[in-house]
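Novice: structure for this input, please:
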Amino acid sequence: MRRITILMSAATMALSLAAPAAADPGRSAYGRATLTGFAALPALTFVPGSEPSGSLLGTAPVNGVTPPFAGQPVQGFSGIVRRHDGTFDVLSDNGYGGKANSSDFLLRVHRVKPDFRTKEVKVLGGFDLTDPRGLVPFPLTRQDRKLTGSDFDVESIVRTADGTYWIGDEFGPFLLHFDRRGRLMDAPVPLPGVKAPENPDLNGGQPNLGGSKGFEGMARAVDGRRLYPLLEGTVSGDPAGSLRMYEFDLSKRAYTDRRWTYRLDDPSHAIGDAIAVDANRFLIIERDNLQGDAAKVKRIYLADLRDRDRDGALDKTLVADLLDVADPRGLGGAPGTFRFPFQTIEDVVILDDRTLGVLDDNNFPFSNGRTPGKPDDNEFITVRLTRGLKADPRVYL
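Specialist: Residues are numbered from 1 along each chain as shown. Below is the predicted model of the structure:
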């Protein structure tokens, strides 16, 4: 954690002592965000006509839901891409939380449209991720080469100018390149010098990254030429709570020699998503691993590569505390304070210079941050910041 700077006047000192432990001058410069939209997709939403799933979860009820399931749940939103017709592409993660229990979960990108008037999220379709050309060099779960949650743990997504998608995986970690129909276009790109325990090329060696701690967030440069994938876990030997952000050159299909450090407020925290604001600044979700009333940290930071305080990490400014959002109109419940108390919040998108869209990953059927004993819905909220980000206009392209 960064140290609190204590000013000399008694009044200012009193305010500092009353502030939360993680507070820091400049971090709260944006003040309290306001809820401007709320919509939800029910947890028990399945892809029409899809295959059964969840066969490896046992048969005991989880949050009142009994597996296995008759279809593929529309769940686990771990990445988002804004389209220009009011719809969004959202990426489901590896399925049920692990390589061993997700072999019957098909990796998929869904097309959704939030309706903030009716407070509903509509699913308009989507596509499965596949490898019909046999570009994955290791054995896949299925002979038809549809990708499953036992093959990759996909957690971040961007769309490039040619309409294709780059997706960040946590098992390798790998970068994956897909066409508009979800077909793999290139062999998975490994991260040099870093391997998670699930990496298929470990060959008895020692991993230097935690399980499923690969590319949780990934931003596209505003000029469209580079990607900035961000690890969720700390590489062995790096200081506790420090996460590596890399630069990937899309024209060369290779990593550059540039790398930065994002420092968590606490080593027990994790990041949820990253998106570029301009050439130097990114919005990054940081969260604790708690949910419901126990949740303490669900934040969106503005992180700056320029490291003006010269501490070796991205400079962080708090733009929204998702556990303390003003809701004067009661859009998310009773008027007052709105909380977004989910264990995993993994999607942020810039809608205009003062408005962000934020979604949870509901970890179906396991998470119950909204209502104890009930699986979380996929919630889509919009929040208005107290002032503009001054984002590069190319963010909206």
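Novice: quick check: closest non-adjacent residue to residue 60.
Specialist: residue 66 (7.5 Å; CB to CB, 6 or more residues apart in numbering). Bear in mind the C-beta positions are built from the backbone N, C-alpha and C, glycine included.
Novice: shouldn't that neighbour be in contact with residue 59?
Specialist: Yes. Residue 66 is within contact range of residue 59, at 6.6 Å (criterion: CB atoms under 8 Å).
Novice: higher neighbour count, those two?
Specialist: Of the pair residue 66 and residue 59, residue 66 is the one with more neighbours under other CB atoms under 10 Å, namely 13 against 9.
Novice: local confidence estimate at that one?
Specialist: Residue 66 is assigned 98 on the pLDDT scale.
Novice: mind checking the SS state of residue 299?
Specialist: Put simply, residue 299 is strand when judged by DSSP: H, G, I helix; E, B strand; the rest coil.
Novice: can you name the residues that contact the one residue sitting closest to the centre of the chain?
Specialist: Closest residue to the average C-alpha location of the chain: residue 346 at 2.7 Å, with CA atoms, centre = their mean. Residues near residue 346 by CB atoms under 8 Å, 6 or more residues apart in numbering: 77-79, 93, 155, 216, 272-273, 285, 359-361.
Novice: and residue 183, how far from residue 165?
Specialist: 10 Å (CB to CB, to the nearest Å).
Novice: more neighbours: which of the two?
Specialist: Neighbours were counted for residue 183 and for residue 165 using other CB under 10 Å; residue 165 has more, 22 against 18.
Novice: what residues are up against the more buried one?
Specialist: 81, 89, 109, 157-159, 177-180, 182.
Novice: quickly note the distance from it to residue 373.
Specialist: Counting by CB to CB - residue 165 and residue 373 are separated by 36 Å.
Novice: and the pLDDT at the nearest residue to residue 336 once chain neighbours are set aside?
Specialist: In space, not counting the residues next to it along the chain, residue 336 is nearest to residue 327; the distance is 6.2 Å by CB to CB, 6+ apart. At residue 327, the model reports a pLDDT of 98.
Novice: make sure residue 327 is actually in contact with residue 340.
Specialist: No. With contact defined as CB under 8 Å, residue 327 does not count as touching residue 340 (10.7 Å).
Novice: okay, these two: which has more neighbours?
Specialist: residue 340 (25 against 20).
Novice: helix or strand: which one has that one?
Specialist: Secondary structure assignment for residue 340, by DSSP states H and E: no helix or strand.
Novice: distance of it from residue 277?
Specialist: 21 Å.
Novice: one more: residue 388?
Specialist: In terms of CB to CB, residue 388 sits 11 Å off from residue 277.
Novice: when those two are compared, which one has more neighbours?
Specialist: A direct count of neighbours by other CB under 10 Å for residue 388 and residue 277 places residue 277 higher, at 21 against 11.
Novice: please list all residues in contact with that one.
Specialist: Counted by CB under 8 Å, 6+ apart, residue 277 has contacts 283, 302, 350, 389, 391-392, 395.
Novice: likewise for residue 170?
Specialist: Per CB under 8 Å, 6+ apart, neighbours of residue 170: 94, 153-155, 196, 198, 212-216, 232.
Novice: between those residues, which is nearest residue 252?
Specialist: residue 215 (18.5 Å; CB to CB).
Novice: for the nearest residue to that closest one once chain neighbours are set aside, the count of nearby residues, please.
Specialist: Nearest residue to residue 215 in three dimensions, chain neighbours excluded: residue 168, at 2.9 Å (CB to CB, 6+ apart). Look at residue 168: counted by other CB under 10 Å, it has 32 neighbours.
Novice: wasn't residue 168 part of a strand?
Specialist: Yes. Residue 168: assigned to a strand according to three-state DSSP.
Novice: got the contact list for residue 112?
Specialist: Residue 112 neighbours (CB under 8 Å, 6+ apart): 41, 87-88, 90, 121-124, 380.
Novice: TSV for those residues, including distance to residue 296?
Specialist: Converted to TSV, the contacts of residue 112 look like this (distance: CB to CB, whole Å):
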residue	distance to residue 296
41	26
87	34
88	29
90	26
121	27
122	33
123	32
124	36
380	23
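Novice: nearest to residue 132 among these?
Specialist: Once CB to CB is applied, the member of these that ends up nearest residue 132 is residue 90, at 23.1 Å.
Novice: you'd agree the closest one is up against residue 359?
Specialist: Yes. If you go by CB under 8 Å, residue 90 and residue 359 touch, sitting 6.9 Å apart.
Novice: so what sits against both of those two?
Specialist: 77, 80, 347.
Novice: closest to residue 50 among those residues?
Specialist: residue 77 (16.8 Å).
Novice: what sits against the closest one?
Specialist: Applying CB under 8 Å, 6+ apart, the residues near residue 77 are 90-93, 110, 346-347, 359-362, 378.
Novice: worst-scoring helix or strand of the protein, pLDDT-wise?
Specialist: When the helices and strands of the chain are scored by mean pLDDT, DSSP states H and E, helix 10-18 comes last with a mean of 35.
Novice: so who does the residue nearest to residue 215 touch?
Specialist: Residue 168 sits in contact with 79, 154-157, 174-176, 214-218, 229, where contact means CB under 8 Å, 6+ apart.
Novice: and with 7 Å instead?
Specialist: Contacts for residue 168 (CB atoms under 7 Å, 6 or more residues apart in numbering) come out as 155-156, 175, 214-215, 218, 229.
Novice: what do you get for residue 100?
Specialist: So residue 100 contacts nothing (CB under 7 Å, 6+ apart).
Novice: on that earlier part again, how about the host helix or strand of the residue nearest to the centre of the chain: buried residues?
Specialist: Applying DSSP H and E as the criterion places residue 346 in strand 344-352. Within strand 344-352, the residues scored as buried using 16 or more other CB atoms under 10 Å are 344-350.
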